[in-house]
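Colleague: coords please:
(one chain, ligands or ions: 1)
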Amino acid sequence: MIREVVRHANAKINLTLDVTGKRPDGYHLVEMVMQSVELGDTVRIQKTPGTGICLKMKGCDLPEDQDNIAYRAAQALKIADVTIEIEKHIPIAAGMAGGSTDAAAVLLGCNELFELGYSSEELCDLGLKLGADVPFCILGGTMLAEGIGEKLTKLPPFTLPDGAVILLARPEAPVSTREVYQKLDAVCPKDHPDTAGMVQALREGDYTGVAARLQNVLEEVTIPMHPVIGRIKEIMKQCGADGALMSGSGPTVFGLFSSEEAARAALTRIREEHLTDTVLLTRPAGR
Ligand code: ATP
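Modeller: Residues are numbered from 1 along each chain as shown. So this is what the prediction gives:
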């Protein structure tokens, strides 16, 4: 009998993010190309008879009760007597789905450990009640997400040319996802991503085409609130990024670099200008 499951919970970036409308209940309708990256949290799940749900967060001071989405994921499965230990590496409230991916890892890990027999589709339905990004985090890889983020279409994996890397930079700019979406209604973005073109570029394995089509409508709201995001994008481009974009509602910026040397030059400049110390290299993660 297995007593423990350890899962790597991948962060995500958005290669595109568009808002196409609003549902009568106020949820925004989106169209986004999502990509898992190697950066992730480590989620260790153990059967611990008699403990109830016990959550331990390492490397951060996030709550360890119902206020943590990972705890609510275990509750959603009606699991008792489990200890979940999360080693946090994904920056928090960064636009990288850190909470959603922890919840997804708990759903997947508990399903395996307790032999619950849920299909991925059933786990996605449960996950959606916890958060719109949870279904994507359950499936991972490269996906087109529509609806409120739950209608997922698998796309060919986004791969980088040899030697290319993704640079992530997360400035200390407090961003509330809810506030950004609310403000978007007043902005009425003029420029929309070419989602169909992005999907086509992925289907053709066209890295340059992907880099040229990175676009996120939420930048129009978040960058004026936090100009540091715009400055980081500028530095990445000056240092030779093939493309740079804010992920989700921000504030994390990612850059696609053909060479690690160029990415490291951008990393050094971002630190030297004291824009943030949270700068790291990663790569796309497939499923
Ligand atoms: P998204 O990209 O899905 O909008 P995000 O990356 O912007 O998400 P998260 O890191 O998921 O944001 O955090 C959003 C809020 O959720 C945080 O302010 C935090 O207090 C809360 N939270 C609850 N549980 C977790 C968790 N396990 N990991 C991170 N944040 C959590």
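
Colleague: what does this protein put close to the ligand?
Modeller: The chain comes close to the ligand at residues 62, 68-70, 92-100, 102, 133, 177, 248-249, as judged by Cβ under 6 Å from any ligand atom. To be clear about C-beta, it is placed using only N, CA and C from the backbone, and glycine gets the same treatment.

Colleague: Give me the subset of the residues you listed that lies in helices.
Modeller: Those of the residues of the chain next to the ligand mapping onto helices are 69-70, 98-100, 102, 177, per DSSP state H.

Colleague: From the residues of the chain next to the ligand, list the buried ones, please.
Modeller: The neighbour count (16 or more other Cβ atoms under 10 Å) marks 62, 68-70, 93-100, 102, 133, 177, 248-249 as buried among the residues of the chain next to the ligand.

Colleague: And the residue of the stretch 151-287 of the chain that's closest to the ligand?
Modeller: Distances from the stretch 151-287 of the chain to the ligand, computed as Cβ to the nearest ligand atom, single out Gly248 as the nearest residue at 3.9 Å.

Colleague: Wait, that residue touches Ala97, no?
Modeller: Yes - the pair Gly248 and Ala97 passes the contact test of Cβ atoms under 8 Å, sitting 7.1 Å apart.

Colleague: Would you mark the buried spots in the least confident helix or strand in the chain by mean pLDDT?
Modeller: Every helix and strand in the chain was compared by mean pLDDT, DSSP states H and E; the lowest is helix 177-187, with a mean of 90. Buried residues in helix 177-187, defined by neighbour count with 16+ other Cβ under 10 Å: 177, 180-181, 183-184.

Colleague: Give me the helices and strands touching it, please.
Modeller: With contacts defined as 3 or more Cβ pairs under 8 Å, 6 or more residues apart in numbering; DSSP states H and E, the packing partners of helix 177-187 are strand 4-22, helix 219-225.

Colleague: The protein: strands as residue ranges?
Modeller: Using DSSP state E, the strands of the chain run over 4-22, 28-47, 53-58, 82-87, 142-146, 151-154, 165-169, 215-216, 243-246, 253-257, 279-282.

Colleague: Now do the longest one: distance to the chain's middle.
Modeller: Centroid separation for strand 28-47 versus its chain: 5 Å, with Cα atoms, centre = their mean, to the nearest Å.

Colleague: how much does that strand deviate in direction from strand 53-58?
Modeller: Orientation note: strand 28-47 sits at an angle of 100 degrees relative to strand 53-58 (axes from the mean of the first three to the mean of the last three Cα atoms, to 10 degrees).

Colleague: Strand 82-87 and strand 28-47, what's the angle between them?
Modeller: Strand 28-47 and strand 82-87 meet at an angle of 110 degrees, taking the same axes, to 10 degrees as the criterion.
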